[in-house]
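Novice: need coordinates for the below:
(one chain, ligands or ions: 1)
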Amino acid sequence: MVLAELGGKLRDSLRKLHTSSGRVTQTQLNAVLSDITRALIESDVNVKLVMTMRDNVKQNVEQLIEKDDDDDDDDDDDANEQRRKRRASNVSKLVQKAVVEELVRLLQPQRKAYVPKRGKPNVVLFVGLQGAGKTTTIAKYANYYQRRGWKTAMVCADTFRAGAFDQLKQNATKLRVPFYGSYTEADPVAIAEEGVDQFVHEHYEMIIVDTSGRHRQEAGLLEEMQEIAAAVRPDNTVLVMDATQGQAVYDQAMAFSNAVDVGSVIITKLDGHAKGGGALSAVAATESPIIFLGSGEQASLFSVHELVFGANTEFK
Ligand code: GDP
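Specialist: Residues are numbered from 1 along each chain as shown. Model (predicted):
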């Protein structure tokens, strides 16, 4: 299920809580929660997250319903019946509110997106697994800022993958963005530090650092990222996640987030068969906002801010 369909499905499920009597029975609540959890899991939102969301709603709401029922036990005259109906319709609204609040808590990042500042060096470190689309995304990200007039440069601190420097160099040359890297230096921390120092000294505003990815979030990779982060002290660390990884996204994002201070997420390959729920799991794991969406090997990035607020607005 893709994200747009998920939105519709959630809305439909929530509508079922608008009952004509205004009351919400245990059976109705269970049916709605089961609809919602199924839709989220089918969209690849992490199973553990969905179960926590369901349990939280149940806990909050069940207490509420029980209290109302208990109070009503002795109500049998008309006035009490009217009061009971009014209270019951409140219950239905409160149940809806509780479900929406839990969904928002599940999907809303705790952190605000980092806003790059003009006229000063903004060091942005890119991390992610090999094949996630980091190098491709860096080129798109550089292009995004360069076209908006930012003095932009790239540093290749990926000494692990043969050809990584050539790939970045090719992209940089095409975009006419200055780059820094080495065919001989094997220490990624030294390259990152030297490259960033050079571009800071030359007053670049957007300094993008590519790091190595490996197939799995193994300890060596995570340690290397920590050392690079300590050396270049990034203003923002962007985690690039491949949306087609589905349920695996949550654990991957968690591992990166525990190792470095991830501040933003970019989701790639949304043009493929990805359902998109992995993206929501990445937000939950890192508590960070998604700033761009990648769709296509060549196409530019979609700024989430621009999608929401329009193309000519500044990222604030
Ligand atoms: P890295 O190892 O993380 O640096 O990954 P690369 O940037 O080398 O990308 C790995 C593969 O994914 C390449 O074939 C890219 O062309 C492809 N790729 C990257 N981003 C996207 C995307 O948004 N959509 C699609 N379809 N392919 C992408």
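Novice: anything in stretch 204-214 near the ligand?
Specialist: Yes - counting by CB under 6 Å from any ligand atom, the ligand has neighbours in stretch 204-214: residue 213. C-beta here means a position set from N, CA and C on the backbone, and glycine is covered the same way.
Novice: do you know how far residue 298 is from residue 177?
Specialist: As judged by CB to CB, to the nearest Å, residue 298 and residue 177 stand 16 Å apart.
Novice: okay, those two: which has more neighbours?
Specialist: Neighbour tally, residue 298 and residue 177, criterion other CB atoms under 10 Å: the higher count belongs to residue 177, 22 against 7.
Novice: now that one: how far from residue 160?
Specialist: Going from residue 177 to residue 160 by CB to CB gives 22 Å.
Novice: how many other residues sit next to the residue nearest to residue 130 when sequence neighbours are not counted?
Specialist: In space, and not counting its chain neighbours, residue 130 is closest to residue 213: 3.6 Å by CB to CB, 6 or more residues apart in numbering. Other residues lying near residue 213 total 24 when counted by other CB under 10 Å.
Novice: in what helix or strand does residue 213 lie?
Specialist: Under DSSP states H and E, no helix or strand contains residue 213.
Novice: residues contacting it?
Specialist: 127, 128, 129, 130, 131, 132, 134, 158, 160, 161, 221 (CB atoms under 8 Å, 6 or more residues apart in numbering).
Novice: count the residues that sit near the spatially closest residue to the second one that is not a sequence neighbour.
Specialist: Distances taken as CB to CB, 6+ apart put residue 240 closest to residue 128, at 3.6 Å, once the chain neighbours are dropped. In terms of burial, residue 240 registers 27 neighbours under the definition other CB under 10 Å.
Novice: mind saving the C-alpha coords of the helix or strand that contains residue 240 as PDB?
Specialist: When elements are assigned from DSSP H and E, residue 240 belongs to strand 236-242. C-alpha atoms of strand 236-242 as PDB (Å, rounded to 0.1, in the frame of the first residue of the first chain):
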ATOM      1  CA  ASN A 236      23.700  18.400  10.100                       C
ATOM      2  CA  THR A 237      24.000  14.600   9.600                       C
ATOM      3  CA  VAL A 238      21.700  13.300   6.900                       C
ATOM      4  CA  LEU A 239      20.800   9.600   6.900                       C
ATOM      5  CA  VAL A 240      20.000   8.300   3.400                       C
ATOM      6  CA  MET A 241      17.600   5.400   3.400                       C
ATOM      7  CA  ASP A 242      16.400   3.200   0.600                       C
END
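Novice: so what's the residue count around the residue lying closest to residue 136 once chain neighbours are set aside?
Specialist: Distance criterion CB to CB, 6+ apart; nearest residue to residue 136, sequence neighbours excluded, is residue 297 at 6.4 Å. Neighbour count of residue 297, defined by other CB under 10 Å: 11.
Novice: surely residue 297 and residue 137 touch.
Specialist: No - with contacts defined as CB atoms under 8 Å, residue 297 does not count as touching residue 137, sitting 10.7 Å away.
Novice: now the residue nearest to residue 136: how far from residue 271?
Specialist: 9 Å.
Novice: quick check: neighbours shared by the two?
Specialist: Common neighbours of residue 297 and residue 271, using CB under 8 Å, 6+ apart, do not exist here.
Novice: for the protein, what are the low-confidence residue spans?
Specialist: 1-4, 19-22, 63-91, 107, 216-217, 272-275, 299, 305-316 (pLDDT under 70).
Novice: which residue is nearest the centroid of it?
Specialist: For the chain, the residue nearest the mean C-alpha position is residue 283 (3.1 Å; CA atoms, centre = their mean).
Novice: for it, pull up the helix or strand it's in.
Specialist: helix 277-286.
Novice: what's in contact with that helix?
Specialist: Around helix 277-286, the neighbours that count as contacts under CB under 8 Å, 6+ apart are 1, 3, 6, 40-46, 49, 106-109, 239, 241, 243-251, 253-254, 256-257, 262, 265, 267, 270, 289-290, 293.
Novice: what do you get if the cut-off is 7 Å, keeping everything else the same?
Specialist: For helix 277-286, contacts defined as CB atoms under 7 Å, 6 or more residues apart in numbering pick out 40, 43-46, 49, 106-107, 109, 239, 241, 243, 245-246, 249-250, 253-254, 257, 262, 265, 267, 289-290.
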